[in-house]
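Need coordinates for the below:
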Amino acid sequence: MALRKLLKKLEKYTLLFTFELVYRHGIRMKDLVHAHKNNYDKNTHSFTINQDLIKVDEDIHQLIIEHDVIPDRKLLVTTFNDRITEIKKWFGREYFIYKDIYQTHKLHYLPCPICETPTKNSPSLWAILEYAEDDSQWLVCKSCALRGEI
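Alright, predicted model coming up:
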């Protein structure tokens, strides 16, 4: 069973939230401490982490709203390390660490050359745009392609 489905089935939403922040957004362990209620804007679905605005997708926002997964205050890095250890236990992997999730993020998400947004390497999320002046082709995220940016 996929990790995401397993954590949902077990109703381990806080663990799922931690996993998704690392997997989908590549947030480093030391920066997870900034994922708390005082640092989340429900209107924009975003955290401010090291002066960067991290806009979470609708799935993570729903976890936040429906399951109250954000801590009230800043937690210690060890708390997030404990969560990864608990994920390892539920997933049944002897050797499963934060770095495994982070490296998987780096393999599955590519930055768009226009907007620099990390986008999952799924064909439905990318497009090829042709530049009329020199017939060069650019692989860009679908959002930039729909805006006609190149």
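
Mind splitting the chain into its structural domains?
3-108, 112-147 (automatic domain parsing).

Residue 53: which element?
strand 52-55 (DSSP states H and E).

Direction included, what does that strand pair up with?
Paired with strand 52-55 in the same sheet, following DSSP bridges, are strand 46-49 (antiparallel).

quick one, what contacts the closest residue to residue 12 other than its chain neighbours?
Leaving aside its sequence neighbours, residue 12 sits nearest to residue 90 (Cβ to Cβ, 6 or more residues apart in numbering; 6.5 Å). No exception for glycine: its C-beta is placed from N, CA and C like everyone else's. By Cβ atoms under 8 Å, 6 or more residues apart in numbering, the residues touching residue 90 are 6, 7, 10, 12, 15.

Off-centre distance for the helix or strand in which residue 90 is found?
Residue 90 belongs to helix 77-91 when assigned by DSSP H and E. Centroid separation for helix 77-91 versus its chain: 17 Å, with Cα atoms, centre = their mean, to the nearest Å.

Switch the domains of the chain over to JSON lines; also include mean pLDDT.
Below are the domains of the chain laid out as JSON lines (pLDDT from 0 to 100):
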{"stretch": "domain 3-108", "mean pLDDT": "91"}
{"stretch": "domain 112-147", "mean pLDDT": "90"}
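
most tightly surrounded among those domains?
domain 3-108 (a mean of 15; mean count of other Cβ atoms under 10 Å).

From one end of it to the other, what's the distance?
From the first residue to the last, domain 3-108 extends over 16 Å; the measure is Cα to Cα, to the nearest Å.

try stretch 45-65
10 Å.

What of stretch 121-135?
24 Å.

just how off-centre is it within its chain?
24 Å.

follow-up on the earlier one: following the chain onward from the helix holding residue 90, which element is next?
helix 98-108.
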